[in-house]
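1. need a 3D model of the following:
(one chain, ligands or ions: 2)
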Amino acid sequence: MCHFCKHNGESRHVYCGHNLKDEQGKIICPILRMYTCSLCGATGDSSHTRKYCPINKKKKISPEKLNATLMGTG
Ligand SMILES: [Zn+2]
Ligand SMILES: [Zn+2]
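-> Ligands and ions are numbered 1, 2, ... in the order given. Next comes the predicted model:
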């Protein structure tokens, strides 16, 4: 079953007809494969939505860590 299609509100026979990824983690959902990430441009085998974009995750730097870097010896 494809969680992406289910979340998108596709009908049951659509999201039950395929999986989101195969065993190797490659995207097999035809709808997600057509999607291009607006943050990093990933599409096809490595498609993802902005929410799951590795760039999006990296941006979450806590203020504490930022301070630690600034206060470091240098
Ligand atoms: Zn799907
Ligand atoms: Zn991305």
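2. switch to C-alpha atoms for all contacts and neighbour counts from now on
-> OK.
3. centre of the chain to stretch 5-20, how far?
-> On the basis of CA atoms, centre = their mean, to the nearest Å, stretch 5-20 sits 17 Å off its chain's mean C-alpha point.
4. now that stretch: mean pLDDT?
-> The pLDDT scores in stretch 5-20 average 96.
5. tell me the buried residues in it?
-> Across stretch 5-20, burial judged by 16 or more other CA atoms under 10 Å covers Cys5, Tyr15, His18, Asn19, Leu20.
6. and if you look at stretch 19-28?
-> Asn19, Leu20, Lys21, Ile27, Ile28.
7. output those residues as TSV; include the columns secondary structure and distance to ligand 1.
-> Listed next are the buried residues of stretch 19-28 as TSV, based on DSSP: H, G, I helix; E, B strand; the rest coil; distance: CA to the ion, whole Å:
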residue	secondary structure	distance to ligand 1
Asn19	coil	6
Leu20	coil	5
Lys21	strand	9
Ile27	strand	9
Ile28	coil	8
